[in-house]
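Asks: Output the structure for:
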Amino acid sequence: MAETGTTTPRERYRAQVRMEVKKRAWEQIATAGASALSLNAIAKQMGMSGPALYRYFASRDELITELIRDAYRSLADAIRAASEKSGADVAALAHAMRGWALEDPQRYFLIYGTPVPGYHAPDDTTAIAVEIMASMLDAWTALPPDSPATPFDAHLEDHRQWAGGHPAPPAVLHQALIFWTRLHGVLSLELAGQFAGMGFDPAQLFAAELDALLAGR
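Replies: Residues are numbered from 1 along each chain as shown. Now for the predicted structure:
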């Protein structure tokens, strides 16, 4: 009998199989996209029957949810580490986000790309996304206010559920939201290969967009 606080051999084996399933799933996604993910194909690769694999992941959607959670948690950890190192510097968080995205584009596209047809993520995945946004809002709140009020600021006062209860004033919500959307726009184009052959360095474009965002506060 296993001691309290330790895992049993069965539990360790189960964890190992789940990790291998997720590894195979990422390989499938890199080859054919998340919409083509197949538990039966993974089972075949691992020398298992489909029903045997379903003991570890009950459905394709459960597997996708696990991959999404892992991706969000990985990004949240990267953003938090950058925040702790830089003192919640906006530019540092932006570069951390880009570095994380370039490290594994498929992981980025799973959470920020085209939704998987027929899949609906559970609410708890949103909680991790809110954690990421909270780090962004903390960084923007630390900057001195430097922009006039706008009609969109007033709109955000009553439409701030996406901020997860963060106490940032509407002007900061506005700045952080523009930061988030514009940088993701540049990242998505870069990762999709849209800048290939255009002759410029995407890193320089990202830095220029970041400078423009900070200068235009």
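Asks: Show the contacting residues for the residue lying closest to residue 150 once chain neighbours are set aside.
Replies: Of all residues not flanking residue 150 in the chain, residue 174 sits nearest, at 6.6 Å (CB to CB, 6 or more residues apart in numbering). For the C-beta atoms, the positions are set from N, CA and C on the backbone; glycine is no exception. Applying CB atoms under 8 Å, 6 or more residues apart in numbering to residue 174 gives the contacts 147, 150, 152-153, 156.
Asks: of these, closest to residue 54?
Replies: residue 156 (44.2 Å; CB to CB).
Asks: rewinding a little: among the contacts of residue 174, name the buried ones.
Replies: Buried members of those, counted by 16 or more other CB atoms under 10 Å: 153, 156.
Asks: Which member of the contacts of residue 174 is positioned nearest residue 57?
Replies: Of all the contacts of residue 174, residue 57 sits closest to residue 156, with 38.9 Å by CB to CB.
Asks: Tell me who's in contact with the closest one.
Replies: Residue 156 sits in contact with 170, 173-174, 177, where contact means CB under 8 Å, 6+ apart.
Asks: ranking these by neighbours, who comes first?
Replies: residue 173 (24 neighbours; other CB atoms under 10 Å).
Asks: so which helix or strand takes in the nearest residue to that residue once chain neighbours are set aside?
Replies: Once flanking residues are discounted, residue 173 sits nearest to residue 156: 4.6 Å by CB to CB, 6+ apart. Using DSSP states H and E, residue 156 sits within helix 151-157.
Asks: What would that helix look like as PDB? C-alpha coordinates only.
Replies: Only the C-alpha atoms of helix 151-157 are listed here, as PDB (Å, rounded to 0.1, in the frame of the first residue of the first chain):
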ATOM      1  CA  PRO A 151     -16.300  57.100 -25.500                       C
ATOM      2  CA  PHE A 152     -14.900  53.600 -25.500                       C
ATOM      3  CA  ASP A 153     -13.500  54.200 -21.900                       C
ATOM      4  CA  ALA A 154     -17.100  54.900 -20.800                       C
ATOM      5  CA  HIS A 155     -18.300  51.800 -22.600                       C
ATOM      6  CA  LEU A 156     -15.700  49.600 -20.900                       C
ATOM      7  CA  GLU A 157     -16.800  50.900 -17.500                       C
END
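Asks: The residue nearest the centre of the chain: what secondary structure?
Replies: Taking CA atoms, centre = their mean, the centroid of the chain lies closest to residue 72, which sits 4.1 Å from it. Assigned state for residue 72: helix (three-state reduction, DSSP: H, G, I helix; E, B strand; the rest coil).
Asks: how many neighbours does residue 100 have?
Replies: 20.
Asks: What helix or strand is it located in?
Replies: For residue 100, the element it lies in under DSSP H and E is helix 90-103.
Asks: List the buried residues in that helix.
Replies: 90, 92-98, 100-101.
Asks: Identify the farthest-apart pair in those residues.
Replies: The widest separation within those (CB to CB) is 16.9 Å, between 90 and 101.
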